[in-house]
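Asks: need the 3D shape of this:
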Amino acid sequence: MPETPFAGPVGATPRERLLTSLMLLWLAGGALRLTILAVPPVIPQIQNQLGMSATQIGILTGLPSMLLALAAVPGSLLIAKLGVRTALVIGLIATALGGALRGALPDVYWLYVMTIVMGAGVAIMQVTMPTAVRAWLPNRIGFATAVYTNGLLVGEIFPVALMLVLVLPLVGGSWEWAFVVWSVPVAIIAVMVMTLAPRAVINATAVRRKWWPDWRNMLIWRLGIILGTCNATYFATNAFLPPYLEKIGQGEWTSAALSGLNIGQLPASFILLAVAGRMERKVWPYVFCGLLCLFSTIGIVYGTGAWIVVAASLQGFANAGVLILALALPPLLSPPDDVHRVTAAMFTISYSWAVFVPVISGALWDMTNIAAMAFLPIALCGIVLVFLAPAINHVPRTEA
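Replies: Below is the predicted model of the structure:
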């Protein structure tokens, strides 16, 4: 994918361009999750106000993941036609608008439609980020990827940690206006990217020629399912932890448990920054994280009080470990020219899992009237990861 040298802000030194690019990557990484993770803390309020069933909550939770699956491959085509900066700005604007308008009407279907708009924006951004890393900082790909991934994790933590204790009281308890508050930073980031981002030009012909994945390649299915177990576990736990705690009379632990689920990811991020190179293609980290997902889910269901927070924190640690390791697999296991196609296909498969698992979880709760049944599919994801992990060693490494 040939590139021309990029142009940063007028008069900027190379160091200033480097810092600007890293700052924008970190901020855009945070924007990938700010509006999505603003939902779980207020699910009980939304459910009560709109009269939603557990299945409908599962659908609401699965919609962003569905768009991340459906728009991954078209997102690559959008980059080819409009370029990295423009595609990223479009994704940010769609995310901000859809996120802010979700509560504009007191209607479940309006909430669904605006969530779809928001999810489409996030999907465009998700596919654009690796391309932005490659175009803006071609000599610092590993470090730049770590930077935007760290921003993503922080973007998951802020909404769940601050929604109930700060933002919701600030807007008079209105979840509708709280969604607007979390969309404002995304809009500001869009303006910053539009004005400050490097203007890299990518050979569109090369992108168009290889934008469609080779679905016959078993590599993308293995990678997609591995990442899918992580995504499904994370999004489903975020969705059903608040109503589950309300149901069992532990609602006062909701904010702490959600914060633990998301803050627990940071230690894994920092550990892997130091040792990820020594864990490439190792099976045991995936087995360990899969078992940790399984036992932490059991801890959430059977624990009480602070033990639920501990279990949720371990769940977050395991999810972050799988996420970071899995995102390193496409460039590790596929030829350089295929990284983009493999990544898009991996997102399509993995986020399909994240759509179906929350819906199945909600349906099991509704059918059995047993709240704990919502966590059965989540526990099964950990088991699937354990059994699938050895497949990593069965894929030959392709050298550049």
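Asks: distance check, residue 326 against residue 145.
Replies: Using Cβ to Cβ, to the nearest Å, residue 326 is found at 13 Å from residue 145. No exception for glycine: its C-beta is placed from N, CA and C like everyone else's.
Asks: the two: which has the busier surroundings?
Replies: Ranked by neighbour count (other Cβ atoms under 10 Å), residue 326 and residue 145 place residue 326 first, with 24 against 21.
Asks: which residue is the nearest non-sequential neighbour of that one?
Replies: Leaving aside its chain neighbours, residue 326 sits nearest to residue 227 (4.3 Å; criterion: Cβ to Cβ, 6 or more residues apart in numbering).
Asks: now do the same for that neighbour: its pLDDT.
Replies: Residue 227 carries a pLDDT score of 87 in this model.
Asks: where does it fall, helix, sheet strand or coil?
Replies: Secondary structure, DSSP: H, G, I helix; E, B strand; the rest coil: residue 227 is helix.
Asks: tell me who's in contact with it.
Replies: Listed by Cβ atoms under 8 Å, 6 or more residues apart in numbering, the contact partners of residue 227 are 322, 323, 326, 327, 346, 347, 349, 350.
Asks: quick one: contacts for the residue nearest to the first one when sequence neighbours are not counted?
Replies: So the one you mean is residue 322. Counting by Cβ to Cβ, 6+ apart, residue 322 lies nearest to residue 230, which is 3.9 Å off, once chain neighbours are set aside. Residue 230 sits next to 319, 322, 323, 326, 350, 381, 385 when contact means Cβ under 8 Å, 6+ apart.
Asks: adding distance to residue 254, secondary structure and pLDDT, write those residues out as TSV.
Replies: Listed next are the contacts of residue 230 as TSV, based on distance: Cβ to Cβ, whole Å; DSSP: H, G, I helix; E, B strand; the rest coil; pLDDT from 0 to 100:
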residue	distance to residue 254	secondary structure	pLDDT
319	19	helix	89
322	24	helix	85
323	23	helix	82
326	29	helix	77
350	27	helix	85
381	22	helix	92
385	27	helix	90
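Asks: ok, so of the residues you listed, who is nearest residue 79?
Replies: residue 350 (19.4 Å; Cβ to Cβ).
Asks: tally of neighbours for the closest one?
Replies: 25.
Asks: care to break this structure down by domain?
Replies: As assigned by automatic domain parsing, the chain contains the domains 1-211, 213-395.
Asks: so residue 33 sits in a helix?
Replies: No - per three-state DSSP, residue 33 lies outside any helix segment and is coil.
Asks: residue 160 is in contact with that one, correct?
Replies: No - counting by Cβ atoms under 8 Å, residue 33 does not reach residue 160; the two are 9.8 Å apart.
Asks: between these two, which one's more packed in?
Replies: The residue with more neighbours, out of residue 33 and residue 160, is residue 160; 27 against 22, by other Cβ under 10 Å.
Asks: can you tell me the closest non-neighbouring residue to the more buried one?
Replies: Leaving aside its sequence neighbours, residue 160 sits nearest to residue 258 (Cβ to Cβ, 6+ apart; 4.0 Å).
Asks: per-residue pLDDT of that neighbour, please?
Replies: 85.
Asks: what's around residue 103, how many residues?
Replies: Residues near residue 103, counting by other Cβ under 10 Å: 20.
Asks: equivalent analysis for the one 10 residues further on, please.
Replies: By the criterion of other Cβ under 10 Å, residue 113 has 16 neighbours.
Asks: by mean pLDDT, flag the weakest helix or strand of the protein.
Replies: Between all helices and strands in the chain, the lowest mean by mean pLDDT, DSSP states H and E belongs to helix 204-209, at a mean of 44.
Asks: in the stretch 201-350 of the chain, where is pLDDT below threshold?
Replies: For the stretch 201-350 of the chain, residues meeting the criterion pLDDT under 70 lie at 201-211, 272-281, 327-340.
Asks: try 80
Replies: Along the stretch 201-350 of the chain, segments meeting pLDDT under 80 span 201-214, 217-220, 262, 269-282, 324-344.
Asks: ok, residues contacting the helix or strand encompassing the residue nearest to residue 160?
Replies: Element membership of residue 258, judged by DSSP states H and E, is helix 254-263. Here helix 254-263 makes contact (Cβ under 8 Å, 6+ apart) with 37, 40-41, 44, 153, 156-157, 160-161, 163-165, 234, 237-238, 241-242, 245-246, 300, 306, 308-310, 312-313, 315-316.
Asks: so what's the gap between that helix and the chain middle?
Replies: Centroid displacement of helix 254-263 relative to its chain, using Cα atoms, centre = their mean, to the nearest Å, is 16 Å.
Asks: try stretch 80-95
Replies: The chain centre lies 18 Å from the centre of stretch 80-95; the measure is Cα atoms, centre = their mean.
Asks: list the buried ones in it?
Replies: 80, 83-95 (16 or more other Cβ atoms under 10 Å).
Asks: could you say what helices and strands the host helix or strand of residue 130 packs with?
Replies: In the assignment (DSSP H and E), residue 130 maps to helix 108-136. Helices and strands in packing contact with helix 108-136 are listed as helix 14-31, helix 43-50, helix 54-70, helix 72-82, helix 84-101, helix 141-162, helix 339-368; criterion 3 or more Cβ pairs under 8 Å, 6 or more residues apart in numbering; DSSP states H and E.
Asks: which of the ones you listed has the lowest mean pLDDT?
Replies: Set side by side, these give their lowest mean pLDDT on helix 72-82, at a mean of 75.
Asks: which strands or helices does that one pack on?
Replies: Applying 3+ Cβ pairs under 8 Å, 6+ apart, one finds that helix 72-82 contacts helix 84-101, helix 108-136, helix 204-209, helix 339-368.
Asks: please tabulate those helices in JSON lines, including the columns distance to residue 181.
Replies: Shown next, in JSON lines, are the helices and strands packed on helix 72-82 (distance: least, Cβ to Cβ, whole Å):
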{"stretch": "helix 84-101", "distance to residue 181": "9"}
{"stretch": "helix 108-136", "distance to residue 181": "14"}
{"stretch": "helix 204-209", "distance to residue 181": "37"}
{"stretch": "helix 339-368", "distance to residue 181": "25"}
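Asks: relative to residue 269, which of the ones you listed is closest?
Replies: Once these are compared by Cβ to Cβ, helix 108-136 is nearest, at 15.8 Å.
Asks: buried stuff in the closest one?
Replies: So helix 108-136, judged by 16+ other Cβ under 10 Å, has buried residues 108, 111, 113-136.
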